[in-house]
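Undergrad: Need the 3D shape of this:
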Amino acid sequence: MGKTDPSAPLGLGSMCSGHMTIRPGSAGLSAARERVRRVTADVGVSGEAAADLLLAVGEALSNAYRHGTPDPQTNLIYLGWRFAEHVVTITVKDEGPGFTPHEAAARIVGSAVSRCHGLRLMRRGADEVYFEFDNGARVCLRKRVVRA
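TA: As a prediction, this is how the structure comes out:
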């Protein structure tokens with residue numbers, strides 16, 4: 001499983017993976033969004049599907065920044081991507097305490113003025129969303145790439 005140059009264009013038959021470490025703050029989050037934009041374009045996610053996935057990743061990054069960096073001076077956010085078998089997977093990991101997804105989802109339903117809009121947007125923008133909690137929180141977003 002080889003890593004590729006993240007700036008090199010890829011075809012749908014290609015496999016690529018990569019990662020970057022982000023300092024919490026607007027410059028780091030902006031650089032991460034731009035990297036995801038390039039990766040999704042290179043692997044063939046386009047149009048509304050690309051916009052939806054970028055929104056989902058943006059929400060994951062924002063949540064990692066807001067909730068997963070208790071000390072923005074020392075905590076980091078990790079972004080990873082993998083494209084294989086026509087599926088792009090984006091992971092965002094932070095160093096925070098995590099949360100319980102079903103409790104957060106219940107707040108979406110239970111409150112007209114809920115704060116959990118990010119979870120809903122992530123689920124709308126990706127084909128699959130799941131969470132892992134081990135030394136921080138990790139959100140994994142998967143999107144199938146369909147040729148136009």
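Undergrad: My understanding was that Gly68 contacts Glu95; is that so?
TA: Yes - with contact defined as Cβ atoms under 8 Å, Gly68 reaches Glu95; the gap is 6.2 Å. From N, CA and C alone the C-beta is placed, and that goes for glycine too.
Undergrad: So the two - more neighbours on which side?
TA: Between Gly68 and Glu95, Gly68 has the larger neighbour count (other Cβ atoms under 10 Å), namely 25 against 18.
Undergrad: Let's see the pLDDT reported for the closest residue in space to Ala31 that isn't next to it in sequence.
TA: Spatially, and ignoring its direct neighbours in sequence, Ala31 is nearest to Ile22 (7.0 Å; Cβ to Cβ, 6 or more residues apart in numbering). You'll see Ile22 listed with a pLDDT of 94.
Undergrad: I'd like to know how many residues surround Ile22.
TA: Each residue near Ile22 was counted by other Cβ under 10 Å, and the total is 22.
Undergrad: And Lys143, by the same measure?
TA: By other Cβ under 10 Å, 24 other residues sit near Lys143.
Undergrad: average pLDDT across the helix or strand hosting it?
TA: Element membership for Lys143 (DSSP states H and E) is strand 137-144. Strand 137-144 carries an average pLDDT of 94.
Undergrad: So for it, what gets flagged as buried?
TA: Buried residues in strand 137-144, counting neighbours by 16 or more other Cβ atoms under 10 Å, are found at 137-143.
Undergrad: Kindly provide the distance from the closest residue to Arg33 other than its chain neighbours to Asn135.
TA: Nearest in space to Arg33, with sequence neighbours left out and distances taken as Cβ to Cβ, 6+ apart, is Gly58 at 5.9 Å. Using Cβ to Cβ, to the nearest Å, one gets 24 Å for the distance from Gly58 to Asn135.
Undergrad: quick one on the thing from earlier: which neighbours do Gly68 and Glu95 have in common?
TA: 75, 136 (Cβ atoms under 8 Å, 6 or more residues apart in numbering).
Undergrad: Next, name the residue at the spatial heart of the chain.
TA: Most central in the chain under Cα atoms, centre = their mean is Val57, positioned 3.5 Å from the mean C-alpha point.
Undergrad: And for stretch 136-144, what's in contact with it?
TA: 40, 45, 49, 53, 56-57, 60, 63-64, 67-68, 86-99, 122, 125-132.
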